[in-house]
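Q: got a structure for you, letters missing:
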C-alpha cells in the first residue's frame with residue numbers, strides 16, 4: 001500500500017483600504033481584495049492617487065476613463081450590492097449600490113462584465129445618492 005501526502009497551497013488574500021474623496025460630501029472608504037482580480041487591484045494601487053469625473057447609471061457610480069489599463073480578469077456579468085469593480089471596456093471604476101437599468105428584479109447587472117476588486121465599506125446609500133453626475137473625485141490611499 002502506498003502512502004499519499006496531501007499538500008495544501010495557501011495563497012494569502014491581501015486587502016487594501018483606499019478612499020474616494022468627494023468634494024462637499026463625506027468621503028467613501030473602499031476595501032480592495034486581490035483574491036479575484038489581483039492584476040486589476042495592483043494596477044489601481046500603482047496609479048494612486050488619481051482624479052476622475054463621476055457618472056451615474058441607475059444606482060451605479062462609474063468614473064470617466066481612469067489611468068488603469070487592464071483586460072478582463074475573472075470578469076463577472078452580475079455583481080453584489082456594494083461591490084467595487086473595474087470595467088475594462090471603459091477603463092472605469094464602478095461602485096454598485098443598487099439596481100442598474102438593465103438588471104432584472106433582484107439583480108445588479110453591469111453594462112458588460114466587470115472585474116470585481118472589492119467592497120464599499122461605508123454603505124450608506126444616502127451618501128452615494130448625493131453624488132452628482134460630473135463631480136470630480138480623487139482615489140487615494142486611506143490615511144492610516
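A: Yes, it's here. This one's a predicted model, so the numbers in the text were calculated from it and none came from an experiment.

Q: The most centrally placed residue in the chain: what secondary structure?
A: Centroid-nearest residue in the chain: residue 84, 2.1 Å away (criterion: CA atoms, centre = their mean). Three-state call for residue 84 (DSSP: H, G, I helix; E, B strand; the rest coil): strand.

Q: show me the contacts for it.
A: Contacts for residue 84 (CB atoms under 8 Å, 6 or more residues apart in numbering) come out as 30, 32, 93, 94, 95, 96, 116, 117, 118, 119, 120. C-beta: built from backbone N, CA, C; applies to glycine.

Q: Could you name the helices and strands sitting against the top helix by length along the chain?
A: Looking across the chain with DSSP state H, the single longest helix is helix 38-46. Packing contacts for helix 38-46, counted by 3 or more CB pairs under 8 Å, 6 or more residues apart in numbering; DSSP states H and E, involve strand 15-21, strand 28-33, strand 115-120.

Q: can you redo those as TSV with distance to residue 128 and mean pLDDT?
A: Shown next, in TSV, are those (distance: least, CB to CB, whole Å; pLDDT from 0 to 100):
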stretch	distance to residue 128	mean pLDDT
strand 15-21	10	94
strand 28-33	7	95
strand 115-120	8	97
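
Q: Which of those sits closest to residue 102?
A: Among those, strand 115-120 comes nearest to residue 102, with 17.7 Å by CB to CB.

Q: What score does the nearest residue to residue 34 once chain neighbours are set aside have for pLDDT?
A: Distances taken as CB to CB, 6 or more residues apart in numbering place residue 41 nearest to residue 34, at 4.2 Å, with adjacent residues excluded. The model reports residue 41 with a pLDDT of 97.
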